[in-house]
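Q: coords please:
(2 chains)
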Amino acid sequence: MTPEYTVWTVIGMLVVIGLELFVVRSGIFRRAQYWCALAICLGFQCLVDGWLTKLSDPIVIYNPEEFLGIRFPFDIPIEDFGFGFAMITAVLMLWQRALNHRTEEAP
Amino acid sequence: MIAAWDGLAGWHGFSHWEYLALMGACVLITLPLEFVFSARVYRRLPLLLKSLLPVVVVFAVWDIVAIARDHWTYDPRFVTGIDLGILPLEELVFFLVIPVCALLSYEAVGTVIGWTKRHTTRRTIADRPTRTARPIHADPHPPDGGDNR
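A: The predicted structure follows:
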């Protein structure tokens, strides 16, 4: 059985990608600006999440039965990056959609 | 709740603020993006709230269900102990702070891309030999015909 956090993370990523492609259509996936910002955020996630999940003194303690058990880098459960991707992409697509509407109204 | 205010009494209790302090550090470190890189995220508050609130709600619900289903827990030593139902205050702060950091990064990257574009445009214009840029004393009938359109 695939652990639940793993399943939810994959679903979360697919839902956000689907929302962007078929519903929100902000166009962020076609922008270098989005991919650069995503790379920067995931880079900083390694530091912040690394601190939260460090096995020497964890702030957040994961149930080993609910995730794959792969921790990389540091002690970060890899599912966290899917969670991060979904959250960051969601807020950026809503922001960009609002900006698009604003420029449509402007002229 | 009691543990948190116990912590205020002595420095040894600082550990209860650790998670919140980490979130505070995220806010401080990304703050220059708003001003130095003209992100204009905090200064467009209605736009910010409109994009942020749905994300906070959805991911807080995910977190609450995950806590309820025992996907993860929090070490009581590193949180204030202030809970909203079963959701630690720190997690709500996380869902506010991290998306704002992402928006600041996105807008700052946009600003930098804008700078680069303007720079290359200016260079391209300067490098292009245009009619008006040609020196007026140039030979009107150069040997090669001069008309290389």
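Q: just the helices in the chain please.
A: Just so you know, I chose chain A. Taking DSSP state H to define them, one finds helices in chain A at A:4-18, A:32-53, A:79-105.
Q: looking at chain B here, not the other one
A: Under DSSP H, chain B gives helices at B:2-9, B:18-35, B:45-68, B:89-127.
Q: list the helices and strands the second one packs on?
A: In this case it means helix B:18-35. helix A:32-53, helix B:89-127 (3 or more C-beta pairs under 8 Å, 6 or more residues apart in numbering or on different chains; DSSP states H and E). (Each C-beta comes from the backbone N, C-alpha and C, glycine too.)
Q: got CSV for the helices of chain B, with mean neighbour count and mean pLDDT too?
A: Below are these laid out as CSV (neighbours: other C-beta atoms under 10 Å in any protein chain shown; pLDDT from 0 to 100):
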stretch, mean neighbour count, mean pLDDT
helix B:2-9, 13, 46
helix B:18-35, 16, 98
helix B:45-68, 16, 98
helix B:89-127, 18, 92
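Q: Now the helices and strands packed on helix B:18-35 in TSV, please, with extra columns for distance to B:Thr80.
A: What follows is these, written out as TSV (distance: least, C-beta to C-beta, whole Å):
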stretch	distance to B:Thr80
helix A:32-53	15
helix B:89-127	6
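Q: How about the residues of chain B by chain A?
A: Within reach of chain A by C-beta under 8 Å from any C-beta of the partner chain, chain B has these residues: B:18-19, B:22, B:26, B:47-48, B:50-52, B:54-55, B:58-59, B:62, B:66, B:69-75, B:78-79, B:95, B:98-99, B:101-103, B:105-106, B:108-110, B:113.
Q: Just to check, A:Val24 is in contact with A:Leu92?
A: No. Using C-beta atoms under 8 Å, A:Val24 is not in contact with A:Leu92, being 10.4 Å away.
Q: what about these two, which has more around it?
A: A count of neighbours by other C-beta atoms under 10 Å in any protein chain shown puts A:Leu92 above the other of A:Val24 and A:Leu92, at 27 against 17.
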